[in-house]
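K.L.:
Let me see the structure of the following:
(chains A and B)
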Protein chains: 2
Amino acid sequence: MKTIFTDITTMDEYGNAHTHRYVVVDGDKIAGIFDARPAGRFDREISGKNKLLMPALYNCHAHTAMTLFRGYGEDLPLQAWLNTRIFPAEDLLTSEAVYNASMLAAAEMLRNGIVSFSDMYFFSEDTIRAVAETGMKANIARCITCFNPDETKDTDARLIEALALHKQYHNSFGGRIKMDMSVHAEYTTLPHAVKYVAEAAKELGLHMHVHMSETESEHNECMERNGGKTPAQHFAELGVFDVPTIAAHCVWVSDEDIALMAEKGVFAVHNPVSNLKLGSGIMPLLKMHRAGVNVVLGTDGAASNNRLDILREMNVAAMLEKGRDRVCDAMKAADIIPMATVNGAKAQGRADCGSLACGKKADLIMLDMDTPNNIPSYEPVTSVIYSATSADVCMTMVDGKILYENGEYKTLDIESVKHRMRDTVAHYFDKK
Amino acid sequence: MKTIFTDITTMDEYGNAHTHRYVVVDGDKIAGIFDARPAGRFDREISGKNKLLMPALYNCHAHTAMTLFRGYGEDLPLQAWLNTRIFPAEDLLTSEAVYNASMLAAAEMLRNGIVSFSDMYFFSEDTIRAVAETGMKANIARCITCFNPDETKDTDARLIEALALHKQYHNSFGGRIKMDMSVHAEYTTLPHAVKYVAEAAKELGLHMHVHMSETESEHNECMERNGGKTPAQHFAELGVFDVPTIAAHCVWVSDEDIALMAEKGVFAVHNPVSNLKLGSGIMPLLKMHRAGVNVVLGTDGAASNNRLDILREMNVAAMLEKGRDRVCDAMKAADIIPMATVNGAKAQGRADCGSLACGKKADLIMLDMDTPNNIPSYEPVTSVIYSATSADVCMTMVDGKILYENGEYKTLDIESVKHRMRDTVAHYFDKK
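P.N.:
I've put the predicted structure just below:
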């Protein structure tokens, strides 16, 4: 399959834009980017008139199946939300519910230009099934918690499951699925367990995915429990940062933590919407960016967002930096683009993804710049960050295959996905 | 013309929802809301399946024609943005440019469920022309500034223009157009001029529209210039608050200002996105809400937003309160709905608008709740605030007439509007 985008404005993963380009996709790769129409025959020709072609978006912190709990328990303080709504509801999860919820999440993400996500949850095989079917990419982590001081790596059922999943699925489906290792957080996983999970990740060459310093109390209580060590210092000491690590939230990290994360190459996932909605605070994005931390973006679960929309996270991230510090010119639109594209791909160990460049995987999205909110567009990069919305995404391509285009899905039956989700929700709480 | 919405979920202006309703619109009014299908013949029947019907949205602070400058001068500090980009660009404004820009703004607002806006700008007749043609509603204020101590009400060309506009257009087009009086701000209008404009408003029974305490420096410099008086105290003393006043921004108001605004019934316009983007700060919404201030919502101009999207302002307003104070349960979803509907209508002196109630003007919007981001919906009011986006607005009705439905505009030729806007932009800066 050979596709050509004709006479199109392109924007690369650093926000650099060019008009009147011709982009050729051959098989799963970007085969060429030209100033004039190249010779040759193409199976599909897509007009670039009033369109913008850019690298597709990465969602680096998700609990995908939580679309099931979208809007279930709103306007509650975090602990009440978790204890009275989310935890009891998660106790009722089934394979089928997770699969249906993951399919709906996949539909929403593809519609919003997201091609890959880093998931931390359970019932991993059911989320993997949704990713495999829809043609998306994902790094899947079976979330590990451990409250038992006698647990060992040989008895820990969650770790055993994670290792079995790794064996079966890592790099499966043409590399679309990768498995990460995960400890949920410092406060839910005893130190010795953090250590043996980190060791397993190191041995297998896997990435880690953790929650870190999301709330002030989590951060401070970690220090109380661990002789003054912050979650970042704690994880570093236990070997977590010896492998590439995705650390979600990082709202309350100290300046020393930031220096440590920069040194260790930790990927900090900024989830600005979820952090606002749960009242956790605002991650010090600018400080981290300046310190050289690899920042990426995430939606967190739909229960605390409520949308799976990285373009919106990009916009909110840019705006919050200006509003909080009352400085408008410190964080530029172009600084945000790599966080959602090439940095996200790196965080997932996908060096061949996340860029609009010859030879890279053709993971691309096209934005309709002919919508009222995108007119005028003086500069593509600022239009993408400040004017565009996910509703402007008119095409999402993964590995050279178009999975979503102008309201239509190519690999899923959206009416059936919605029907199954409504049906799941209607009966979900009957079991209580 | 008689329209019936059948078997639909309704949500009123306070967030109260009911399923399986039948809503009848007769002429320009809501004629009935029923639990079962009423007898009678209808010209149009609209299925409510997976739809939500609610009062349409009010945008209470706009500089409509600034869509022309959307994205023109991004990531700049406020003063550089104004002095190097916006003010020189505004110097080149023409009637035709303002008309074309207002038409594009109208298209964007209708698409986003906004039926009425409070505009403060110049070239008022060109914006009025757009409102009249499209069938929208607007309160239009010719913005008055005065730096000349010798100016009087009889010599002030801007006031004279405002009075002439009032005479010609107030309550015109079936009441869709109302004229407000406006002083731009304390720092741009000498006290004696503020006074004579306020007196004119009082004499004519008009509302006022001002900028107030948008930035910290504006607020503090006002106090320095006026013997310690804040902009609110200054305006109150000069008689502004003797008429219903729309005070835009209010980011830096003091506790005493808030009490004064509550006492005087001042409408505070929260513009959360613009205030973030320009680095002005965050309005103390919760404090004002608790003090009984009439809070309404605005987009400000597209140059500092960049979208005209009140559903997004509703979402951002709700989220910022949680994130800033780290309290999740203080500002509820249902608290936000009246700010965008019935309070907005009141701020515009439209007591017969802004509500989903029998006998009120039929200014209604319908949201598609069958989009992936709106599934599941455990509670309509929280879905509207946290899950929905303006892309879910599938119908906008003004005075019983549908002006936008499923991507189609009934009163404007969207291709022509976009073409004229692109053409205006392409040649706009040639004159420099």
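K.L.:
Can you give me the domain assignment for chain A?
P.N.:
Following automatic domain parsing, chain A resolves into domains at A:2-55+A:360-409, A:57-347.
K.L.:
Deepest-packed of these, please.
P.N.:
When these are scored by mean count of other Cβ atoms under 10 Å in any protein chain shown, the highest mean neighbour count falls to domain A:57-347 (a mean of 22). For the C-beta atoms, the positions are set from N, CA and C on the backbone; glycine is no exception.
K.L.:
thinking again about what came up before, how about the domains of chain A, which one is nearest B:A259?
P.N.:
domain A:57-347 (25.5 Å; Cβ to Cβ).
K.L.:
Distance from the chain centre to the closest one, please.
P.N.:
Relative to its chain's centre, domain A:57-347 lies at 8 Å (Cα atoms, centre = their mean, to the nearest Å).
K.L.:
Check stretch A:38-48 too.
P.N.:
Here stretch A:38-48 is found 31 Å from its chain centre; the criterion is Cα atoms, centre = their mean.
K.L.:
Show me the strands in the stretch 251-400 of chain A, by range?
P.N.:
A:267-270, A:294-297, A:364-368, A:393-398 (DSSP state E, counting those that start in this stretch).
K.L.:
circling back: output the domains of chain A in JSON lines; the columns should cover mean pLDDT.
P.N.:
Shown next, in JSON lines, are the domains of chain A (pLDDT from 0 to 100):
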{"stretch": "domain A:2-55+A:360-409", "mean pLDDT": "98"}
{"stretch": "domain A:57-347", "mean pLDDT": "96"}
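K.L.:
Of all these, which one is nearest B:K229?
P.N.:
Here domain A:57-347 is closest among the domains of chain A (Cβ to Cβ), at 23.6 Å.
K.L.:
sorry, back to before: I'd like the domains of chain A as JSON lines, with distance to B:Q79 appended.
P.N.:
Output for the domains of chain A, formatted as JSON lines (distance: least, Cβ to Cβ, whole Å):
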{"stretch": "domain A:2-55+A:360-409", "distance to B:Q79": "19"}
{"stretch": "domain A:57-347", "distance to B:Q79": "10"}
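K.L.:
want to throw the ones you listed into a markdown table with distance to chain B?
P.N.:
Compiled in a markdown table, the domains of chain A are given as follows (distance: least, Cβ to the nearest Cβ, whole Å):
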| stretch | distance to chain B |
| --- | --- |
| domain A:2-55+A:360-409 | 4 |
| domain A:57-347 | 3 |
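K.L.:
right, so of the ones you listed, which gets closest to B:I365?
P.N.:
Ranked by Cβ to Cβ, the member of the domains of chain A that lies closest to B:I365 is domain A:2-55+A:360-409, at 15.9 Å.
K.L.:
how distant is that closest one from the center of its chain?
P.N.:
Using Cα atoms, centre = their mean, the offset of domain A:2-55+A:360-409 from its chain centre is 21 Å.
K.L.:
And for stretch A:410-424?
P.N.:
That offset, for stretch A:410-424, works out to 22 Å (Cα atoms, centre = their mean).
K.L.:
which residues touch that stretch?
P.N.:
A:67-68, A:96-97, A:100-101, A:103-104, A:106-107, A:133-135, A:401-404, B:370, B:372, B:375-376 (Cβ atoms under 8 Å, 6 or more residues apart in numbering or on different chains).
K.L.:
Next step: the residues you listed restricted to helices.
P.N.:
The members of the contacts of stretch A:410-424 that map onto helices under DSSP state H are A:E96, A:A97, A:N100, A:A101, A:M103, A:L104, A:A106, A:A107, A:E133, A:T134.
K.L.:
surely the fifth one meets A:M136?
P.N.:
No - with contact defined as Cβ atoms under 8 Å, A:M103 does not reach A:M136; the gap is 10.5 Å.
K.L.:
Overlap in contacts, those two.
P.N.:
Counting by Cβ under 8 Å, 6+ apart, the residues touching both A:M103 and A:M136 are A:A130.
K.L.:
and A:M179, that one's in a strand?
P.N.:
Yes - A:M179: assigned to a strand according to DSSP: H, G, I helix; E, B strand; the rest coil.
K.L.:
Now do the same contact list for it.
P.N.:
Counted by Cβ under 8 Å, 6+ apart, A:M179 has contacts A:N139, A:I140, A:A141, A:A162, A:L165, A:H166, A:Y169, A:H170, A:L206.
K.L.:
try 7 Å this time
P.N.:
A:I140, A:L165, A:H166, A:Y169, A:H170, A:L206 (Cβ atoms under 7 Å, 6 or more residues apart in numbering or on different chains).
K.L.:
With A:S355 instead?
P.N.:
A:D12, A:E13, A:P55, A:V342.
K.L.:
what's the closest non-adjacent residue to the first one?
P.N.:
When the adjacent residues along the chain are set aside, A:D12 lies closest to A:L356, with 4.5 Å between them (Cβ to Cβ, 6 or more residues apart in numbering or on different chains).
K.L.:
what about the one you found, distance to A:D119?
P.N.:
25 Å (Cβ to Cβ, to the nearest Å).
K.L.:
Just the C-alphas of stretch A:45-52, formatted as CSV.
P.N.:
Extracted as CSV, the C-alpha positions of stretch A:45-52 are listed here (Å, rounded to 0.1, in the frame of the first residue of the first chain):
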residue,chain,number,x,y,z
GLU,A,45,-4.0,10.1,-3.0
ILE,A,46,-5.1,12.4,-0.2
SER,A,47,-5.5,16.1,-0.9
GLY,A,48,-3.7,18.3,1.6
LYS,A,49,-5.9,21.3,0.9
ASN,A,50,-6.4,23.2,4.2
LYS,A,51,-4.9,20.3,6.1
LEU,A,52,-2.0,19.9,8.4
